[in-house]
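Engineer: Provide a 3D model corresponding to the input given below.
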Amino acid sequence: MELAHRETVESQGVEAVLLDVGDGHIELLAPLGPDTPVGKFIAKKGPGIHHVAYAVEDIDAALEQAKAAGLQLIDEEPRTGIRRSRVAFIHPASTGSVLTEIVQPANEAH
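Structural biologist: You can find the predicted model right below:
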């Protein structure tokens, strides 16, 4: 797997690395400290899969669809993710215990 991108996201308390896999990526996260969301996750559950992310063309429309479907949103509004993407999370209680991220890549930002 080839390194596609590396970035520290202070607002989310992580260092993120993207590895190219076919047409997609695997994102590896390292917490910047034990009191960050990922740091707490690792302390509680150990290393492993933290969340699954899906790319969308229009995150605002995707959030409206998720809300209309009755999904519990962690983020009512998108926030900035790595590579200037717009991201939002859906609560695991609505997705079979899997934290789900929706991502609008920066080159598709509206």
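
Engineer: what's the average pLDDT for stretch 13-24?
Structural biologist: Across stretch 13-24, the average pLDDT comes to 91.

Engineer: where in this protein is pLDDT low?
Structural biologist: 108-110 (pLDDT under 70).

Engineer: Domain-wise, how is it divided?
Structural biologist: 1-49, 51-110 (automatic domain parsing).

Engineer: Deepest-packed of those, please.
Structural biologist: domain 51-110 (a mean of 15; mean count of other Cβ atoms under 10 Å). Every C-beta, even on glycine, is put in place using the N, C-alpha and C of the backbone.

Engineer: start to end distance for stretch 6-24?
Structural biologist: End-to-end distance of stretch 6-24 (Cα to Cα, to the nearest Å): 15 Å.

Engineer: Which residue is the nearest non-sequential neighbour of Ala106?
Structural biologist: Excluding its sequence neighbours, the residue lying closest to Ala106 (Cβ to Cβ, 6 or more residues apart in numbering) is Arg84, at 3.9 Å.

Engineer: what sits up against stretch 33-40?
Structural biologist: Stretch 33-40 is contacted by residues Gln12, Gly13, Val14, Leu29, Ala30, Pro31, Leu32, Ala43, His50 when judged by Cβ atoms under 8 Å, 6 or more residues apart in numbering.

Engineer: ok now do Gln72, which residues does it touch?
Structural biologist: Ile90, His91, Ala93, Ser94.

Engineer: distance of it from Pro47?
Structural biologist: 26 Å (Cβ to Cβ, to the nearest Å).

Engineer: Strands along this structure, start to end?
Structural biologist: Using DSSP state E, the strands of the chain run over 2-9, 14-21, 24-31, 52-55, 79-80, 86-90, 100-104.

Engineer: I'd like those as JSON lines, with distance to Val38 appended.
Structural biologist: Converted to JSON lines, the strands of the chain look like this (distance: least, Cβ to Cβ, whole Å):
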{"stretch": "strand 2-9", "distance to Val38": "10"}
{"stretch": "strand 14-21", "distance to Val38": "5"}
{"stretch": "strand 24-31", "distance to Val38": "4"}
{"stretch": "strand 52-55", "distance to Val38": "14"}
{"stretch": "strand 79-80", "distance to Val38": "15"}
{"stretch": "strand 86-90", "distance to Val38": "12"}
{"stretch": "strand 100-104", "distance to Val38": "13"}
